[in-house]
Every structure is written in structure tokens, then in C-alpha cells.
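Engineer: Give the three-dimensional model of this entry:
(one chain, ligands or ions: 2)
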Amino acid sequence: MAVIYPHVETLLSFLFFLLTSSNASAVRTSSAVSTRSESVDIDWETLGFGLVHTDYMYITKCSQGGSFSEGELVPFGYIEISPSAGVLNYGQGLFEGLKAYRKVDGSILLFRPEENAARMMMGAERMCMPSPSVSQFVEAVKATVLANERWIPPPGKGSLYIRPLLMGSGSVLGLAPAPEYTFLIYVSPVGNYFKEGLSPINLIVETAMHRASPGGTGSVKTIGNYAAVLKAQSAAKARGYSDVLYLDSVHKKYLEEVSSCNVFVVKGNNISTPAIKGTILPGITRKSIIDVARSQGFQVEEKAVTVDELLDADEVFCTGTAVVVSPVGSITYLGKSVSYGGSGVGLVSQQLYTALTRLQMGLSEDKMGWVIEIK
Ligand SMILES: *Cc1c(COP(=O)(O)O)cnc(C)c1O
Ligand SMILES: *[C@@H]1O[C@H](CO)[C@@H](O)[C@H](O)[C@H]1NC(C)=O
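Structural biologist: Ligands and ions are numbered 1, 2, ... in the order given. Sure, this is the predicted structure:
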């Protein structure tokens, strides 16, 4: 056919070029996204925080020194990777985490996704990886959420957790940046972290092990930071605590953060949180809570916070995408325990949790311009 009608084939490929190039979306779909509106067989009432497989994941690759091209939505499933991939051997990888909420009117909301994109770019620079641009990241997140739309819990029943990954997928043997990189996004419906209202967690201050050190990678969401906290976390859980609160590795007296959450200390009308100095993960919930608290008249300070201030606080709470705001019921430090908020949840924690979750779910006016509606 190519021999007999060469001009027809040229015309066809030109038409195909027109069709594909005029499509401004950052995504190709390998198979029709046909399942979008079908319902799923899930009991939304009992939905927890474990992985639920959905229909599609987003994937794109590029070489070292290159840039990511238009990605693809492919059926969710295993990926093939060389045993000598950079990510498997040397931990060259980053992750992100954000959520999409379904609003009562049916629309879908994302919360500050460009902040996750910017954080991935900063992390990629630290880990010698190419990164998707902010707009490419945000477009890819939107496309992945829309393709898995039927997995977004109904309003009030939870959210669609979005997990972008950036990894050195190319093969290396000697220590060096991988020759190829993969940017992938998968999603999973998750229930509300606290089903029956906020419930306080009990933390133990870790004095022997540290999460990060100056000059290290504590401020980036690199995968290696998380396997490293499992030991202290498991030991704490075995002793009945919810998680570990880390101290700075130099003076061993200033607060850093919990394994995957930032920490805040409330005293009267003052709220303080450890300043971002390279060893603490710059949480987007942390940044948002600082602004929300200030808008509500609290005096918020980012500074070095001592264990003494922690033990003397009226209230303590943690922040992160999964929990949003998690009140702390007690802190144990060197065998001594201090309780907060009586037996219930501190008023400030409750107030900030309500304010931020209402914003994220589209239930209050978004004066900050933080919420993006998709679709
Ligand atoms: C992700 C993360 C946080 C919270 O960041 P958010 O952007 O609020 O989800 C805090 N600490 C660590 C170590 C984290 O990995
Ligand atoms: C709040 O902070 C101010 C200074 O920033 C201080 O003068 C005041 O005593 C603090 N209040 C409490 C209750 O700690």
C-alpha cells in the first residue's frame, strides 16, 4: 500500500500529526478511558488507608540530561525494571503525596498541587534527577485523577490519594546517576484518617536515632528517608506509642518532626513550629496551617523549638497530607510523660483541622486561591 499510494499515507500521517499536536494535554491514553463513569464495588463506609487498585496510572520516561515528554495513561499494574536500576540499588527516588476530594456538586478538587510539583523539582535537583515541570506535573495529576474518577469517594467519605513517583529507572552498576528516569503517578481511594472525629496520638521523643542531619536529604521527599525511620517507629509502636518525634542531630534538644508529619506547639495565642533549615520536610499542610492560623489571629513563629517548650505547651499537633491535623495526646521524653488537651482534643487543633479540611473539600470560601477545580 505504501508503494501504490504513497501520498495517501503521507496525508494520513499528516492528519495524525495535526490531531496529536493540536491536543494540548500532557497525556496520551493507550486504551480508551471508558470506565470513568461506571460505579465501583467499594464499601465507602469502611474504606481505610490501604492501597486499592484503580484503573489507570500515568507514566513517562526520559534520559539523564533530557526532559520528560508527554506521558501515557496505562492500565494500573506492575512495571518492569532492571535489577540494576538506580532506584533499586542506590535509592535514587522521590515520592509525593496529595489528595483529590469530590465536592457535593460533583466537581473534583485538588489542593495546591503546584506546591507538590515545586517540591519534586527541588528534590530532583538534590538527587541528580531530571524532573517534570510544574505544569507537566499538575496536568499529569489531573489526567490521572480524571481517568480514575469513579474511584473518588463520595463527599465526606474520604479522598483519592495521589502518589507521584520519580525514580532512576535506568541501569547502573558503579555509583552514578541512572541513565534513564521514570515519572509515574498512581492513585488509591482512602477513607478519612479519623473516622469518628479526631483522636489524639501518643508520641515518644527519640534520643538515640536521628532522621536527618545538616547537609543531608531531610528536606526532600526521597525514599531513603523512610526506610531509615522504620526501626525507631516500630520500636515505639511495640511499646504502645503511635510514632516517634525526632530531635536535631547536632544539639539533640530542638524538635525536628515526626516520621512523616510536621509538628506544632501551642502556648496561649502563640503557635510555634520548627523552622525549615534543611533537615525538616517542608510540608504543604504545615505551610497552609501557618497561614490559616495567622488568618485566625494566632501569632505563628517558625523558629528553633526546644523540648522544654514542648513539655510546657498547652497543645501539640502534627500536620501532613494524610492526617491533615493530628492532635497529640501525650509526649514521652526520657521516661517522663506529659499529657495535653485533658482527655479530649485540644481546641486549637480541632479549630485548625476544621478550617483546613473545609477549605480542601470546598465547603468554605477559598480566599487564598489554594483549591483547583478539575473537570
Ligand atoms: C510528606 C511529609 C510531611 C508532610 O508534608 P505534606 O506536604 O504536608 O504532606 C512531613 N514530614 C515528612 C518527613 C514527610 O515526608
Ligand atoms: C507569646 O509570644 C510573645 C512574644 O512573641 C510573648 O511575649 C508572650 O509571652 C507569649 N505568650 C505566651 C502565652 O507564651
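Engineer: Check what pLDDT residue 343 gets.
Structural biologist: If you check residue 343, the pLDDT there is 67.
Engineer: same deal with residue 53?
Structural biologist: On pLDDT, residue 53 comes in at 95.
Engineer: Tell me the secondary structure of it, please.
Structural biologist: Secondary structure, DSSP: H, G, I helix; E, B strand; the rest coil: residue 53 is coil.
Engineer: need the contact list for it.
Structural biologist: 76, 188 (C-beta atoms under 8 Å, 6 or more residues apart in numbering). Any C-beta I mention is one placed from the backbone N, CA and C, and that applies to glycine too.
Engineer: how far away is it from residue 87?
Structural biologist: 22 Å (C-beta to C-beta, to the nearest Å).
Engineer: For the residue sitting nearest the centre point of the chain, which non-adjacent residue is spatially closest?
Structural biologist: For the chain, residue 97 is the residue whose C-alpha lies nearest the centre (C-alpha atoms, centre = their mean; 1.7 Å). Leaving aside its sequence neighbours, residue 97 sits nearest to residue 321 (C-beta to C-beta, 6 or more residues apart in numbering; 4.8 Å).
Engineer: residues contacting that neighbour?
Structural biologist: 97, 98, 99, 161, 283, 284, 285.
Engineer: Is there a quick ChimeraX command that grabs whichever of these are buried?
Structural biologist: Listed next is the ChimeraX selection for buried residues among the contacts of residue 321, using 16 or more other C-beta atoms under 10 Å:
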select :98,99,161,283,284,285
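Engineer: which residues does the residue of the stretch 151-300 of the chain found nearest ligand 2 contact?
Structural biologist: In the stretch 151-300 of the chain, no residue comes nearer to ligand 2 than residue 268, which is 2.9 Å away by C-beta to the nearest ligand atom. Neighbouring residues of residue 268 by C-beta under 8 Å, 6+ apart: residue 314.
Engineer: just the helices in the stretch 51-200 of the chain please.
Structural biologist: Shown for the stretch 51-200 of the chain, the helices assigned by DSSP state H, counting those that start in this stretch span residues 86-90, 113-126, 134-147.
Engineer: Looking at these, which is nearest to residue 231?
Structural biologist: Evaluated over these, closeness to residue 231 peaks at helix 86-90, with 20.5 Å, by C-beta to C-beta.
Engineer: Can you name every helix or strand that that closest one contacts?
Structural biologist: If contacts are counted by 3 or more C-beta pairs under 8 Å, 6 or more residues apart in numbering; DSSP states H and E, helix 86-90 sits against strand 159-168.
Engineer: With distance to residue 211, mean neighbour count and mean pLDDT as added columns, please give the helices of the stretch 51-200 of the chain in CSV.
Structural biologist: Shown next, in CSV, are the helices of the stretch 51-200 of the chain (distance: least, C-beta to C-beta, whole Å; neighbours: other C-beta atoms under 10 Å; pLDDT from 0 to 100):
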stretch, distance to residue 211, mean neighbour count, mean pLDDT
helix 86-90, 20, 20, 98
helix 113-126, 16, 19, 98
helix 134-147, 26, 22, 98
